[in-house]
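# Mind folding the following:
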Amino acid sequence: MKKRLLYAIWAVMYILCAGLGHITNPSDLQSIALTLLSLVFFTPGVAILVDALRFKETPELKRLIWICCISLGLTMALLVANVFSVFGSALLGDVLFEFLILFSVPMLCSQHWVLSIFLWACLLFAALAGKKKVNR
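Below you'll find the predicted structure:
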């Protein structure tokens with residue numbers, strides 16, 4: 001598959017998961033669907049990783065590493081900021097939570113925060129290992 005198409009699919013999945021991250025009390029069936037959607041979210045990233053490894057494309061691996069690092073870094077920073085927003089106003093907490101929904105996709109969509117962080121980390125470490133292997 002062409003990389004542009006994979007990135008476009010990933011962007012659509014991002015928008016979908018960011019929008020659905022606003023669902024506060026999903027039913028059991030909705031929760032299962034949201035979790036499955038958040039797992040499918042990583043499929044284009046994995047396909048990009050596999051293509052980059054197959055064709056030994058270091059720039060593509062670097063791009064994936066940056067995407068993963070930015071997502072994980074912003075997620076951690078926003079989680080800490082959200083915890084400390086207890087000392088601020090309710091508006092500050094709401095704004096920080098909206099940022100968390102936006103920059104931590106698909107964490108809030110899945111309702112299982114650790115799963116999303118784990119999958120971002122897996123994608124990051126696979127890209128790092130692949131970059132090391134390609135550069136040998």
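# Contacts only, for the residue positioned nearest the centre of the chain.
Residue closest to the average C-alpha location in the chain (C-alpha atoms, centre = their mean): Val105, at 4.6 Å. Neighbour list for Val105: Tyr14, Cys17, Ala18, Gly21, Phe41, Ser71 [criterion: C-beta atoms under 8 Å, 6 or more residues apart in numbering]. The way it works is simple: take the backbone N, C-alpha and C, and place the C-beta from them, glycine included.
# so how far is Arg4 from it?
20 Å (C-beta to C-beta, to the nearest Å).
# got it, and Phe41?
Taking C-beta to C-beta, one finds Phe41 at 18 Å from Arg4.
# In terms of neighbours, single out the busier of those two.
Using other C-beta atoms under 10 Å, the more surrounded residue of Phe41 and Arg4 is Phe41, with 21 against 8.
# Touching, the more buried one and Cys17? I think so.
Yes: at 5.5 Å, Phe41 counts as touching Cys17 under the criterion of C-beta atoms under 8 Å.
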